[in-house]
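Student: predicted model and sequence below, questions to follow.
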Amino acid sequence: MEVPVLSIVIVNYNVRYFLEQCLNSVIAASQNLTTEIIVVDNASSDDSMAMVHARFPQVQCIANTENAGFARANNQGIMASTGDLVLLLNPDTVLQENTLYNCVEFLRSHPSAGAVGVRMIDGSGKFLPESKRGLPTPFVAFCRFSGLASLFPRSKLFNRYYLGYLDEHKDQEVDVLCGAFMMVRREAINKAGLLDERFFMYGEDIDWSYRITQAGFSLHYLASTSIIHYKGESMRKGSLKYIRIFYQAMVIFANKYFGRQARWYVWLLRLGIYSQAGWAFITPYLRIIGRVLVDAFLLMAGFYLLKEGWESIKYSDTYYPASYNYIQVPAYAALFILYHALLGGYRRIVEIWKWLHGWFWAVISLLIIYALLPDTWRPSRVLLLASSAWALLYWLIKWMAVKGMRLHPLPLRRILIIGSKQTSQRLLDLLEYLKQPFQWVGYIDPEDPDPDAENFRDLSVLPDLCRSRHVDEIIFSSPEISVSAITQWMTILGPDIHYKMANETALSIIGSSSKDTRGELITYDLQQNLQIPHFLVQKRLLDLGVALLLLVVSPVVVWNVKNKRGLAANWWQVIRGYKTWVGYAKGDPLIRHLPPLRQGILSPTFKYAERATQPDTLHKINSLYAKEFDIWMDIEIIFRGFQNLGND
């Protein structure tokens, strides 16, 4: 058997469809080379390995039983490899057809080069600055985390981390390469050693790059070829978790190489990271908090004025205690806002019937609480009804105001497909099946011998077509158009258009609209509501709402629960976020293939089949629950299984 020139090591974790596209591009780019491909799977639960075995039998697989981390898994692949050159490649990348050949030829013609990286772009066609980096010395790291590098992106002083002063379109010698694509000479690996496994997710490429240069080799950035890096497996940049893990990696790096200076390095890192973490924490909540505060202020102002008006008309004097203003009024507002949020009132899409449902359930809750309170604690019934009427009027006024700002419905995405007529039809079927909002512009297939009115045929008209037809999104059929052409068109058309790629069966579509967010995936297999953030927020709000309601009505209803002590324990676990009132049925051996969920007190068997015990039946029930979840389903299950709310 011929010894491969290049060994390609790919570490995979739950990105099956990105991995499929990646492997297709790797095989296409390996045509003129002798290669071996090794996929190391870190205990994925999405059937990644089954897909690889079925579709890519030539690929070697190493299946870990636990998530070993990026560094350790790459080391496994490196130790199993036999090529003179080793490529570390992320599974959420797509290579141009000339990428591997160009890199191999560069290393062959530059014996002093230990490793090479390439120009990377994200799913919107934008250059990824981590393609070329400098060594993160204390000052460089401080500039990176404090934001100085972003303020002065071209500065040689402040942006040495991303080497912003170096031309991205020219080959450069650099200090650090990105682990998403890093082709390394075997000789350099033997001298520098394997990846440091103390780095779990980030920083291992920085450490390895430094050790390779210390071993006497140079690192090079090639601009002559590009790859697409979707970041399908990455956590969101700027998130608190990302900041924390990257900070830990930089501390390991500092303690390893900077000796006595490490203390100052860590101090500078903390200074920069605390500011970044603080901003990352508050940014996602600023807008929603602002809307909630405005609603709370206007609702409470209305409740207060109603009290003052009724008091002056009915009693001509101060009648209601001062506690009404700082207990009842905020409580009313909190309840109306809670149900408003629970029913999707703060979503971008305005749906009046959901707002009315939220108002209705808030009123019902108020009436239940009113009926259960002692006479001395009960507020005025007139004010209770008047406050409810004001809340309804306020939501209607707000709805009309919001609709007024959106005189027309949100425009549909105008989609153009680059591929054959048959591929286009399969992609349209997929989008329609998944209820994706879109408007089809047409398709371009230059090879079609019998074009129809929807086929624009000529790719050269693409820029004019996008402008004249206001195209928002282009879906490329990757088997029918080369990755080199795709990246070229992404660069020409710019980031104002969203780009996606379909696999050769046109049964899945991948893409990404930002370098800072996870890649997008559209496929028949993933139409599950419990993967959609909006539904998860609704579920959590329902958990808290039910817990609050139980706290109020427990003296009356607790006698209907079999295990009263268990109910108290479960109530506290739900409040702390460790449990949910409704979760998956226990005994499902394939539960790891479903969207993650907190441990449930009740299960969907109370709705579908209360006595179900067979594993396959339980999995079908759990799958149906994950796919069709809405809060009304949880409410129905809670009512049906109310006696069992104290279950372990």
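Tutor: Looks like it came in fine.

Student: and the helix or strand residue 210 falls within, which residues are buried?
Tutor: Assigned by DSSP states H and E, residue 210 belongs to helix 204-214. Of all the residues in helix 204-214, those buried under the rule 16 or more other CB atoms under 10 Å are 204-213. Just so you know, the C-beta spots here come from the backbone N, C-alpha and C atoms, and that holds for glycine as well.

Student: output the contacting helices and strands for it.
Tutor: Counting contacts by 3 or more CB pairs under 8 Å, 6 or more residues apart in numbering; DSSP states H and E, helix 204-214 packs against helix 70-80, strand 113-121, strand 181-185, helix 186-192, strand 218-229, helix 240-257.

Student: in JSON lines: those, plus mean neighbour count and distance to residue 352.
Tutor: Below are the helices and strands packed on helix 204-214 laid out as JSON lines (neighbours: other CB atoms under 10 Å; distance: least, CB to CB, whole Å):
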{"stretch": "helix 70-80", "mean neighbour count": "21", "distance to residue 352": "47"}
{"stretch": "strand 113-121", "mean neighbour count": "25", "distance to residue 352": "42"}
{"stretch": "strand 181-185", "mean neighbour count": "25", "distance to residue 352": "49"}
{"stretch": "helix 186-192", "mean neighbour count": "17", "distance to residue 352": "63"}
{"stretch": "strand 218-229", "mean neighbour count": "22", "distance to residue 352": "41"}
{"stretch": "helix 240-257", "mean neighbour count": "18", "distance to residue 352": "35"}
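
Student: one step back: nearest to residue 92 among the buried residues of helix 204-214?
Tutor: residue 205 (15.3 Å; CB to CB).

Student: my guess is that closest one contacts residue 179. True?
Tutor: Yes - when contacts are counted by CB atoms under 8 Å, residue 205 is listed as touching residue 179 (3.3 Å).

Student: what's the overlap in contacts for these two?
Tutor: With contacts defined as CB atoms under 8 Å, 6 or more residues apart in numbering, the residues adjacent to both residue 205 and residue 179 are residue 88.

Student: so where do the helices sit in the stretch 401-550 of the chain?
Tutor: 421-433, 462-468, 483-493, 533-557 (DSSP state H, counting those that start in this stretch).

Student: what about the third one, average pLDDT?
Tutor: Taken as a whole, helix 483-493 carries a mean pLDDT of 90.

Student: what do you get for the longest one?
Tutor: Per-residue pLDDT values over helix 533-557 give a mean of 83.

Student: cool, the second one as well?
Tutor: Taken as a whole, helix 462-468 carries a mean pLDDT of 90.

Student: so what secondary structure elements neighbour that helix?
Tutor: strand 438-444, helix 483-493.

Student: who touches that helix?
Tutor: The contact list for helix 462-468, computed with CB under 8 Å, 6+ apart, reads 416, 441, 444, 456, 471, 474, 489, 492-493, 497.

Student: min pLDDT across those residues, which one?
Tutor: Out of the contacts of helix 462-468, that is residue 456, at 81.

Student: could you find the closest non-adjacent residue to that residue?
Tutor: residue 444 (4.9 Å; CB to CB, 6 or more residues apart in numbering).

Student: contact partners for that neighbour?
Tutor: Counted by CB under 8 Å, 6+ apart, residue 444 has contacts 416-419, 455-459, 462, 465.

Student: surely residue 357 and residue 342 touch.
Tutor: No - using CB under 8 Å, residue 357 makes no contact with residue 342, being 9.2 Å away.

Student: out of the two, which sits in the busier spot?
Tutor: residue 342 (23 against 19; other CB atoms under 10 Å).

Student: residue 621 - that's part of a helix, no?
Tutor: Yes - counting by DSSP: H, G, I helix; E, B strand; the rest coil, one finds residue 621 located in a helix.
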